[in-house]
Structures are given as structure tokens and as C-alpha cells.
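Undergrad: Need the 3D shape of this:
(chains A and B)
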Amino acid sequence: MKIVAKKKLWKYLFWLGPFLITVGLTVGLVSEQWGLIPLVFLIGGIVISGLGLIWQSYQSNWWNRRSTQAGTNALVATLAILAILGLINFLGTRYHLRADLTEAQLFTLAPQSRELVRVLPQPVKVWVFDINQNPQDRELLENYQRQSSKFKYEYIDPQARPGLAEKFGVKDYGEVYLESGDKRQLVQTVNQNERLSEIRLTSRLQQLTNSTTAKVYLLQGHGERQLSPGKDAISQAVQGLGDKNFTTSPLNLGETSKVPQDAAVVILAGPKRGLFEGEVKALQEYLNRGGNLLLMIDPNTDPKLNSLLQEWGVRLDNRLAVDVSGESVVGLGPAAPLVTEYGKHPITKDFGNGNSFYPIARPLEITSVPGVQATPLLRTKPYPSSWAESDLQSEKLEFNADKDLKGPLTLGVALTRKQTPKSASTPQAAPTPSPLPSPTTQSKTSPTASPSPKTPQALPLPSPTIQSKASPTASPSPKTPQALPLPSPTTQSKASPTPPASPPAPAPTPSSQTATESRLVVLGNSDFATDGLFQQQLNGDVFLNSVTWLSQQDEQPLSIRPKEPKNRRITLTTTQGNLLILSSLLLLPLIGFAIAVIIWWKRR
Amino acid sequence: MGIVLSNIIAIYRRELQSYFVSPLAYAIAGIFWFIAGLFFVMILLGPDGILVGVAAIDAQGQQLGVPVPPIDVPYEFIRAFLDRMGWLLLFILPILSMGLYAEERKRGTLELLATSPITNWAVAVGKLLGVVTFFITMVLPMLVLEAIAISGSNPPMTPSIPLLGHFGLILLAAAILSVGMFISSLTDSTILSAVFTFAVILLLLLIDLIAKIVPGPVGEALSYLSLLKHYNTFIQGIFDTSALILFASYIFFGIFLTAQSIDALRFQRQ
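TA: Alright, predicted model coming up:
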């Protein structure tokens, strides 16, 4: 009797095993130190449990039972089957067949993307800095990955790996970067509304793997900032462009008389003397064929660009922008306005309210011109802190209401113009060529209007009333009735002194045109980009972002058609809708329950 | 081979008969139809439904004169509906599979089956076929309702995507039922079997989430096990053999384990 009791007690001792293991784990986890004490507990617990198991199995003669043998057999068989299934599945992922049954082939890469990825010369990796892995995006990335083993992608939580995020310059969740070798490029920012786009990814991929780089020309010959290091040169800015994959070269329009075809951006940085009329014409012609121009013009100079700027609705103010607030804070003189307020624009979108400053700057005056979209980029502080000073001789800086202009002043502006027939944006464009052969009028009013074959309607009846409404002053002879509400001929002739050989294409709707556009950035200062100042604050970013935006690299070079689902609607009649609601919510469940009740009733 | 086949068919018929005379099965079907119908109506016709939403977008586009981005309404509807159905399976299928073996155990008929000349394999395959067939009968009325809805689409839609989606749904159900059948063979309590199946299936559906935390090839392998992930490729309209292989593996492994566990039972009782 006593022996039995002892034996039973002995049996319960094995409960110490799990107990000790738990204690060991708790101690270790709580103290987060796996020193001697938790280890002793753990090892002791494991040993006791093991002994207990062995003793138990001997006690019950477990090993000699047939079920144990069968169990072992089953275990081995199960493991074998698992291994086989694993292998089959592994092979299944390697060699698989995929058929995209969607009508628009939504989940198949465009042939251009496939080809590009298949012949990748070097490994590329897509880094997505986001916590949420959108299945759609993953699907797309996996599609890329299937084409080539050189394509990799990885999701990174920027907070978990701040070092990596900093290396890429990640500013926000959802940024997608492409890395190849030591080159990194932002593809896009994905968020709830904007998913990863194949078009952007492929075009970035192409940019990154192709060594073709955008060409930037810097205009020379009028005392512009030097490109090689020196006093007041912009060599650092040029260097910065090189780092961004631009190739830069000087351009003297006096020699070539035409902007080269391969110019992605033309920069005019701080000219001291005016441009020749022919040069201005060349620039205008360049802009008209979809060119991109960056003008950085200091005060007290006249680059003679008024005619060009007027087309875009920009006027260079001759006063000097002063900012008395920065004096005490940053140690800048009052003539170096500190800008902390930026326009909503791709160039400045990441700036927040960071600082940039512009020593000796001139404000710009912007008037709206139809067809041109202008976004002020840089704005100085409001009036008491900043204004445009006209009197530079006097010792004391003070605001004179009669001569000076109150802040905030615009120091920089970005403009775009859709690349419709050039005339569309300029006032004289609107009038469609008149079919009526009245030589006098034509020559007087619109020199450009060439006899175009496309006459709207041949209006034989010149109606004097409408006409006089349209242009009361200058056109004495019949013109097309629908011709242009707006412009008076006098301004026209002023606005465009150059009668360019305009293509006589009438512009019916702007949308029918190809979507290329010309871009222009005007800054009332060039000092900010000179060596030494370039690296300070956001100055360099203002310059580099402007050039990047101007180069229109955000447009896709590859003509991949976006994958669009088929446009389809369901139209249900009210009866159909009601029928669906009734049958799904009432009829079907009722049938199920009714049969259940009937059977149950019968069985009872 | 012929004998095995006829055995399977015999078991299959017995199973089917037991479903179609069981009040519980009809009650489950009723619940399933009600919830699925609720999803159906909410997604399609409800106040937040796809028809109302798209109509609002269209109206807005017309007002502002902006072209509306193309929307494939029937496709989106089928996808959303099948996605919800995938989740609904999680709750319905454990109830269907719980009785497969546990009931036999409780009644004591399992010994008969285990010691009968019919191989355990054939029994398991027959039972699985039976319950999958019952599930298909449950889904068919929903397919008819969907067909009515899609018939109103303009321009008309080819039936390939809804059919592929439902094929995926049935494969998913078969995989889940196969696992549930194995769990049911382990215990004589139907409740326990249902609860365990629910837990295991939830894990298998959500394993993708766990896999995201685990880096490297282990994470990839884990995410590959996810049932939901492969189901999603089907309902998106992609036919992928690797998904097919994975579902087949689940089904096969479930049957294999069931046969093993009944085998073990035979020895235990001896």
C-alpha cells in the first residue's frame, strides 16, 4: 500500500518538468537575459520531462505495442509524402503555365516591358518603402520578376530600416525606388489612389539601363555665369546636373543660330548683356517646337527677352527684392530675400517650408495668358518684411508707397504651354485664317494668316456688325464672323514683332493635339546657384528640380498603352433587381430552412 | 481498380444520401444561401453597392464633363463577390466537414468502415467527393443569380472569368474540406472537430500575413502555402498551374492523412 502511494507520488514529480521550463522561459523573457538562472531552470525542466516520458513509455510498454510501430510507419510515410508534395509544388512554381483570361489582359505585361526586362544587362532591384503590400502591386512586380532573374523587388518598412531609407532619401511611405548598380531613381509614390504603374516602372527602367541621357545646353556669349570653376561660376550646379545623368554643354547661338535638336533643356544663367534679336527668335522657335527653357535673370540687366516673356505673360520687374526679416535671423543682408514659401508644383513639392535664398533678386510680374499655365514657385514674405525697392541709391531702406511694390513678391515661376500650333497661345492665333481675299486687311491685321485651304464656312456675307464687335479699331474690311472675340489688332502686332512662319493648321480643339508641351521656368536671380551658395539650404534643389522638371523626363518615352479594363456597365431593370433581391435574400434561404423543418418533422 | 472505383462510388452514394435526408445539411444550406445572398445584394444593389457607386461616378463625370476612367462593372462585381465567398467558406465548411468521421465514431460505425474490405483510401475519397458535391449544389443557385446579374451587362461579358472563379471556389472548398475531414477523423466530438478545422483553415488562409514578417526563402515558402493567395489568382481571372498544383496537394494530403489516421485506429483497437 505504501509502495503504491510512493510510486504515485513519484509520478507526480514529473510535473516539475513543465513547471521548471515555464519558470525558465518566464525568467528569461522578463529579464531579457539568458544567463545562468533561466538556463538552469530550462535544462532542469527538459531533463525531468524527458526522464518522465521515458519512464512512462517503459512503464506502459509503449515501444513494444503494435500501434507504436504502425504509428512510426505512418509518421515516416507522412514525411515522405510531404517531401514529395513539396518537391512537386517547387517544380510547379518553377515551370508553370499562366493564362490571363481577362479580356484586356490586365495581368500580363506589355511586350515592351517583357522585352526590356528579359534583356536586362545588369541586376536591378525595386525597393518599395511601404508597410502595406498591395496585392495588385505585388502581382505586377512578380510579373516582372518572372521575366528575368535579374529583376528583384523588396518591400521595406522605412521605420524599421532607417539607414536604408536615408540612403535612398525616402521622405514618405509608399515611395518606390529603382536601383541598378550605384544608380537610384524614384519611380513614383504609391498610395491608396495611385497604384504602381507599369508604364512608369518600365520607362524608369529604360532610363536607368539605357545610357542615353538628356542633354542640357547652357547659353553663352552674353556674360553668363561661367561653367568652369571660378569667381561667381556655376560649376557646382553643372556638376550637380552631371550627377543627375544630364550631359551639359555650352551653346552659343551666335554661331549655330538654332537650338540643337537634341536639347532637352536650355539654360540662360545670369546674362549681363542683351541677346540678339536672332537669338531670341531661335529660343522662341525652340519653345514653339516643344522646347524647355530656364531663365535666371539678375536685376540691373536687360537680356532683351521681353518679347519672348510677354508671350508667356511674364514681366521682369526692375526693382530689387528686399527682405528685412532675414537680417537678424540668418545673417543675410536685406537684399538677399529668404524664401520659405513655395508654390504647389512638382519642382517644389518636397520643400515644405525649407529655406532658400536669393542674393540680389528681381521680382517677376505674372499676367495670365490663355493657353499658358503659370505656377509661382518662390514667394517672399508679406509686406512689412519684404517689398520691391526702387530707390537703391538712398542709404536707408524704407518702403515708399508710391514707387515700391509690397510683398509677397514672386521670385520664380514655372510655366507650361501645350504644344498646339504655336499661335494658339498667342493672341493673334485665335483668328482663323480668313478666306476672303482682302489684301489690305490681311496685311494690316494678321501678317501670319496665310491662305489656308481649310475654310470653316465660306461666309460670303461679311456682316459688318459682328466684325466691328470683334475688332472695332483696326479691321475695316470683312473678316470671318466667328473670328476672335479677344484681341485687338494693335496689341497683336505689338505682341509678336516676329512674324514667324507659322503652320497654318487651325486649332479646333486643344485636346486633339498630341500632349507634348513646352515648359519655361523664370527665376529673378542667378546668384543662388553659384558656387558656394549652391550647396546651401535648398538652393541647389531649386535649380536641379527645375531642370529635371523642364527636361520632361516624367513623360514616358516608351509608348506603352496603359492597361485599362474594358468599360462595361450592368444595367438591371427594377424587376430584375427586385427578383434578385427576393430570390437571394428570401426565396433560397426559405427553401433550405423549409426542407430542413419538413425532414426534421417527418423524422420525429 | 474497378473494385476500388465501385467502392468509392458506393461510399459516395451513401454519403450523398445521408446529406440529402439530413435536416442539418439543409439548415446549413439555408444559412449559407442567406449570408451569400446578403453579400450578393450588398455588393451589387446595396446603397454602397457597385451599381450605385458607378452610377454616381458616371453622373459626376457627366456633370464635370470629364471622361470617366473605364470600369468593368461585372468583372469587379464577380471578383468582390467571390472574395467574400472565400471568407464565408471559412465558417460554413468546418460545419460541413465536422461530421464526416466524428459522427461515425460517435455512432460506432467507424469500426465497421475501418475493418471493412474497402480500403481507407476509397472511404476517404468517397466521403470527400460526397461533401464536395453537396457544396457544389449549395453554390449552384448562387451561380444562377450571378448569371442573371451579369446578363444585364453591356457590352456582354464572356463567361470565362466567372466560371474560372467558381472553379477556384470549388477547388478551395475541396482543399478546406479535405483538411477538415482529416481533423474530423481524429476526434469523436463534432464540435471539437469544427472548432479545430476553423482554426487550422484560418491559419492556412492567413499564413500570408505571417509570411510577410518572415524574411527570405522561408517566408516565401510560407506565403506559398496560403490558400487565399492562390484563390485570389483564380478569381482575378488568371489560370495558373502552380495554384492548381497547390490545391491538389492540399486535397491529396488531406485524404492521405485521413487514411493514415483510420489505419492507426485499426491497430489501436486491436
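Undergrad: Which residue comes closest to residue A:596 once chain neighbours are left out?
TA: For residue A:596, the nearest residue in space outside its immediate sequence neighbours is residue B:26; the separation is 3.6 Å by CB to CB, 6 or more residues apart in numbering or on different chains. (Glycine included, C-beta is placed from N, CA and C.)
Undergrad: To what extent is that neighbour buried, counted in neighbours?
TA: Neighbourhood size, residue B:26 [other CB atoms under 10 Å in any protein chain shown]: 22.
Undergrad: Residue A:143 now?
TA: Residues near residue A:143, counting by other CB under 10 Å, number 19.
Undergrad: With residue A:274 instead?
TA: Neighbours of residue A:274 using other CB under 10 Å come to 15.
Undergrad: could you point out the longest helix in the chain?
TA: Assuming you mean chain A. Counting by DSSP state H, the longest helix found in chain A is helix A:66-94.
Undergrad: that's the wrong chain, I meant chain B
TA: For chain B, the helix with the greatest residue count under DSSP H is helix B:73-107.
Undergrad: can you tell if it touches chain A?
TA: Yes - using CB under 8 Å from any CB of the partner chain as the criterion, contacts between helix B:73-107 and chain A involve B:73-75, B:77.
Undergrad: What is the very next helix or strand once past that helix packed up against?
TA: Past helix B:73-107, further along toward the C-terminus, the next helix or strand under DSSP states H and E is helix B:110-115. Counting contacts by 3 or more CB pairs under 8 Å, 6 or more residues apart in numbering or on different chains; DSSP states H and E, helix B:110-115 packs against helix B:73-107, helix B:241-269.
Undergrad: Give me the buried positions along the longest one.
TA: In other words, helix B:73-107. B:73-86, B:88-90, B:92-105 (16 or more other CB atoms under 10 Å in any protein chain shown).
Undergrad: and if you look at the shortest one?
TA: For helix B:241-269, the buried set under the neighbour-count rule, 16+ other CB under 10 Å, comprises B:242-267.
Undergrad: What of stretch B:211-221?
TA: Using 16+ other CB under 10 Å, the residues of stretch B:211-221 that count as buried are residue B:211.
Undergrad: For it, give me every contacting residue.
TA: Contacts to stretch B:211-221, defined as CB atoms under 8 Å, 6 or more residues apart in numbering or on different chains, come from residues A:133, A:155, B:222-223, B:225-226.
Undergrad: separation between the residue most central in space within chain A and chain B?
TA: Note on chain A: the residue nearest the mean C-alpha position is residue A:188, at 5.2 Å, using CA atoms, centre = their mean. Counting by CB to the nearest CB, to the nearest Å, the gap from residue A:188 to chain B is 18 Å.
Undergrad: Was I right to think that residue contacts residue A:172?
TA: No - between residue A:188 and residue A:172 no contact is recorded; they are 11.6 Å apart, counting by CB atoms under 8 Å.
Undergrad: rewinding a little: who does the residue nearest to the centre of chain A form a beta bridge with?
TA: When assigned by DSSP bridges, residue A:188 has beta-bridge partners residue A:176.
Undergrad: ok, now which ones touch it?
TA: Neighbouring residues of residue A:188 by CB under 8 Å, 6+ apart: A:175-176, A:194, A:196-197, A:200-201.
Undergrad: hey, where'd the strands end up in the stretch 151-270 of chain B?
TA: With DSSP state E, counting those that start in this stretch, the ranges of strands along the stretch 151-270 of chain B come out as B:153-154, B:238-240.
Undergrad: Pull up the residues of the stretch 51-200 of chain B that are close to chain A.
TA: Taking CB under 8 Å from any CB as the criterion, the stretch 51-200 of chain B approaches chain A at residues B:51, B:54, B:58, B:69-75, B:77, B:141-142, B:145, B:148-150, B:152-155, B:157-158, B:160-161, B:164.
Undergrad: How about the contacts made by residue B:235?
TA: With CB under 8 Å, 6+ apart, residue B:235 has these contacts: B:78-79, B:82-83, B:86, B:164-165, B:168-169.
Undergrad: mind running it again at 10 Å?
TA: With CB atoms under 10 Å, 6 or more residues apart in numbering or on different chains as the criterion, the residues that contact residue B:235 are B:78-83, B:85-86, B:161-162, B:164-169, B:172.
Undergrad: same check, this time on residue A:147
TA: So residue A:147 contacts A:109, A:113-120 (CB under 10 Å, 6+ apart).
Undergrad: how distant is the lowest-mean-pLDDT helix or strand in chain B from the center of its chain?
TA: Taking mean pLDDT, DSSP states H and E as the measure, chain B has helix B:110-115 as its least confident helix or strand, at a mean of 79. Taking CA atoms, centre = their mean, to the nearest Å, one finds the center of helix B:110-115 at 28 Å from the center of the full chain.
Undergrad: Could you check that helix and say which residues are buried?
TA: Residues B:110, B:113-114 are the ones in helix B:110-115 that count as buried (16+ other CB under 10 Å).
Undergrad: cool, stretch A:297-306 as well?
TA: Under the neighbour-count criterion of 16+ other CB under 10 Å, stretch A:297-306 has A:297-299, A:301, A:303-305 buried.
Undergrad: Closest one of those to residue A:245?
TA: residue A:297 (26.8 Å; CB to CB).
Undergrad: And the pLDDT for residue B:246?
TA: According to the prediction, residue B:246 has pLDDT 94.
Undergrad: which residue packs closest to residue B:9, ignoring adjacent ones?
TA: Across the structure, with CB to CB, 6+ apart as the measure, the residue nearest residue B:9 apart from its sequence neighbours is residue B:126 (7.3 Å).
Undergrad: So that neighbour sits against residue B:118, correct?
TA: Yes - with contact taken as CB atoms under 10 Å, residue B:126 and residue B:118 are classed as touching, separated by 8.5 Å.
Undergrad: Can you work out which residues contact both of these two?
TA: The overlap between the contact sets of residue B:126 and residue B:118 (CB under 10 Å, 6+ apart) consists of B:7-8, B:10-11.
Undergrad: Check which helix or strand whatever residue of chain B ends up closest to chain A maps to.
TA: Residue nearest to chain A within chain B: residue B:30 (2.7 Å; CB to the nearest CB). Under DSSP H and E, the secondary-structure element containing residue B:30 is helix B:23-44.
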